[in-house]
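> next input, structure requested:
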Amino acid sequence: MGIIERTYGKETNAAIDEVLISSDSHVIEPAGLWQKHLPKAFQDRAPDWGGQRPNDQPGGAQDKNKRVSEMAADGVSAEVLYPTHGLKCLSLDDHELEAACCRVYNDWLIDYCSAAPERMIGIAMLSMYDTDGAVKELERCRKAGMRGSVIWQVPPPELPFSSSHYDKFWAASQDLEMPVNLHILSGHGYSRSRSFGLGDTATGMTAEHNSVNSKLAQSVDSLYDLIYSGVLERFPKLKVVLVENELGWIPFVLEQWDYYFKRFGAKREGLLIKKLPSEYFHNQIYTTFFNDAVGGHILSWWGQENCMWSNDFPHGNTTWPHSRKVVARDLGDLPSGVRAKLVRENVARLYNIPVPTAIQ
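Below you'll find the model as predicted:
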């Protein structure tokens with residue numbers, strides 16, 4: 001049963017007729033991007049990633065001049081743009097190469113977004129081994145019109161989010177009003193060695209099923225470190241986005257953390273947070289969603305200020321070109337004011353962008 005046929009509550013053929021902003025869409029970097037544009041010193045190590053993937057939608061994800069027409073076909077008026085192949089850069093062990101690859105990608109994305117800067121919202125990709133270098137690149141990209149950064153969701157073991165290594169970067173992101181985005185399948189987690197569709201594991205689960213456990217655990221761990229290590233306490237204006245991690249699991253986890261904080265937290269010396277974990281989340285953390293039946297029901301009573309709808313264009317499980325129908329199906333029963341927050345107002349407020357005119 002396909003994405004249009006599967007319902008969270010009821011079937012509908014109606015479409016939502018309002019401005020939509022996707023909080024998580026993607027570009028497809030062209031074949032040979034890094035091989036062609038990396039400095040000579042890195043040419044012998046240049047990744048050969050890029051080009052159209054078999055299950056992705058064709059056209060505008062690579063060609064900036066086609067993007068707006070494909071957005072119009074979906075009824076989506078603006079999109080926040082993340083890498084596809086580039087996410088693999090955030091798991092490189094070569095520190096200098098990773099930073100150079102990020103700069104090449106950012107240059108390409110700046111040019112790509114120039115075709116329609118009010119509708120294409122670029123997110124800079126940053127290497128976090130060298131925080132001084134990351135801050136410099138963040139400042140450069142901010143001046144070029146980008147609205148946030150994407151860093152590894154799973155840092156290497158020697159550089160956990162709980163370390164002071166990132167403090168200069170958190171401070172700069174806060175001061176520049178550039179939200180920090182943690183996208184699934186980035187960094188030093190299971191994505192480095194995943195091999196979907198290659199048979200069953202020893203437990204009888206397929207590799208795809210096992211990945212559900214891995215990616216959820218890594219999402220929880222990253223969120224835990226950011227909250228409990230005091231990052232959000234020390235940088236109260238910092239905004240962090242969990243991208244493509246869906247949302248159904250979040251209120252349960254926060255409920256459990258709050259319970260144990262109230263039961264034991266106040267009694268423990270050295271605790272680095274002063275408020276309930278859920279308070280930090282609701283004040284500073286956002287999450288995107290597009291394919292989450294459980295989360296669709298939760299939005300009637302939780303997360304209306306923090307959650308943001310997305311279409312994940314052009315990847316194989318995108319809602320394109322049926323996003324308006326999917327929004328009607330999943331969010332149509334919500335009050336119009338709540339739905340407006342989820343499909344455009346939250347993302348516009350977070351990235352400090354105007355809500356664009358309706359796509360034609």
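
> buried residues, stretch 318-338. List them.
318-334, 338 (16 or more other Cβ atoms under 10 Å). For glycine as for every other residue, the C-beta is placed from the backbone atoms N, C-alpha and C.

> correction: stretch 143-150
Residues of stretch 143-150 classed as buried: Ala144, Met146, Arg147, Gly148, Ser149, Val150 (neighbour count, 16+ other Cβ under 10 Å).

> between those, which is nearest Leu20?
Leu20 lies nearest to Arg147 out of these, by Cβ to Cβ, at 17.5 Å.

> can you show me the strands along this protein?
Using DSSP state E, the strands found in the chain span residues 21-26, 78-82, 120-125, 148-151, 180-183, 240-243, 285-289, 307-309.

> look up how far Gly86 lies from His165.
Here the criterion is Cβ to Cβ, to the nearest Å. By it, His165 lies 22 Å from Gly86.

> out of these two, which sits in the busier spot?
Gly86 (27 against 16; other Cβ atoms under 10 Å).

> what sits against the more buried one?
By Cβ atoms under 8 Å, 6 or more residues apart in numbering, Gly86 lies in contact with Glu29, Trp49, Cys101, Cys102, Tyr105, Met125.

> same check, this time on Val355
So Val355 contacts Val19, Ile21, Ser77, Arg344, Glu345, Ala348 (Cβ under 8 Å, 6+ apart).

> can we see that at 7 Å?
Counting by Cβ atoms under 7 Å, 6 or more residues apart in numbering, Val355 makes contact with Val19, Arg344, Ala348.

> restricted to helices, list these.
Under the assignment DSSP state H, the contacts of Val355 contribute Ala348 to helices.

> out of the contacts of Val355, which is nearest to Lys262?
Checking those one by one against Lys262 (Cβ to Cβ), the nearest turns out to be Ala348, at 34.5 Å.

> give me the neighbour count for that closest one.
Neighbour count of Ala348, defined by other Cβ under 10 Å: 19.

> ranges for the helices of the stretch 251-360 of the chain?
Counting by DSSP state H, counting those that start in this stretch, the segments of the stretch 251-360 of the chain that form helices are 277-284, 293-298, 323-331, 336-340, 346-350.

> grab the nearest non-local neighbour of Thr287.
Leu242 (4.4 Å; Cβ to Cβ, 6 or more residues apart in numbering).

> that neighbour contacts Val220, correct?
No: with contact defined as Cβ atoms under 7 Å, Leu242 does not reach Val220; the gap is 10.1 Å.

> more neighbours: which of the two?
The neighbour comparison of Leu242 against Val220 (other Cβ under 10 Å) goes to Leu242, with 24 against 15.

> name the residues that touch stretch 343-351?
The list of residues contacting stretch 343-351 from outside it, by Cβ under 7 Å, 6+ apart, reads 19-21, 23, 80, 121, 147-148, 179, 239, 286, 305, 307-309, 327, 354-355.

> oh, that last question was meant for stretch 136-150, not what I typed.
Stretch 136-150 has contacts (Cβ under 7 Å, 6+ apart) with 82, 102-103, 106, 110, 113, 117, 121-126, 172-173, 176, 178-181, 183, 351, 353.

> and those, which of them are buried?
Buried members of these, scored by 16+ other Cβ under 10 Å, are 82, 102-103, 106, 110, 113, 121-126, 172-173, 176, 178-181, 183, 351, 353.

> spell out for me which residue occupies the centre of the protein.
Nearest residue to the geometric centre of the chain (Cα atoms, centre = their mean): Val243, 2.5 Å.

> show me what that residue bridges to in the sheet.
Note on Val243: beta-bridge partners His183, judged by DSSP bridges.

> any low-confidence regions in the stretch 251-360 of the chain?
For the stretch 251-360 of the chain, residues meeting the criterion pLDDT under 70 lie at 266-267.

> from the contacts of Gly86, which has minimum pLDDT?
In terms of pLDDT, Trp49 ranks lowest among those, with 94.

> what sits against that residue?
Remark: with contacts taken as Cβ under 7 Å, 6+ apart, Trp49 is in contact with Trp34, His85, Lys88.

> and if we set it to 10 Å?
29, 31-35, 83-89, 101 (Cβ atoms under 10 Å, 6 or more residues apart in numbering).

> cool, Ala171 as well?
Applying Cβ under 10 Å, 6+ apart to Ala171 gives the contacts Thr131, Val135, Arg234, Phe235, Lys237, Leu238.

> with Gly187 instead?
Taking Cβ under 10 Å, 6+ apart, we find Gly187 in contact with Leu87, Leu90, Ser91, Met128, Ile151, Trp152, Gln153, Val154, Pro155, Pro156, Gln218, Ser222.

> try it again at 6 Å.
By Cβ atoms under 6 Å, 6 or more residues apart in numbering, Gly187 lies in contact with Leu90, Ser91, Trp152, Gln153, Val154.

> which two among these are spaced furthest apart?
Ser91 and Gln153 (10.2 Å).

> can you put the buried residues of stretch 143-150 in TSV and add pLDDT and distance to Lys66?
What follows is the buried residues of stretch 143-150, written out as TSV (pLDDT from 0 to 100; distance: Cβ to Cβ, whole Å):
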residue	pLDDT	distance to Lys66
Ala144	98	22
Met146	98	21
Arg147	98	22
Gly148	98	24
Ser149	99	26
Val150	98	23
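
> using a markdown table, lay out these together with distance to Gly295.
Shown next, in a markdown table, are the buried residues of stretch 143-150 (distance: Cβ to Cβ, whole Å):
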| residue | distance to Gly295 |
| --- | --- |
| Ala144 | 34 |
| Met146 | 28 |
| Arg147 | 24 |
| Gly148 | 22 |
| Ser149 | 25 |
| Val150 | 22 |
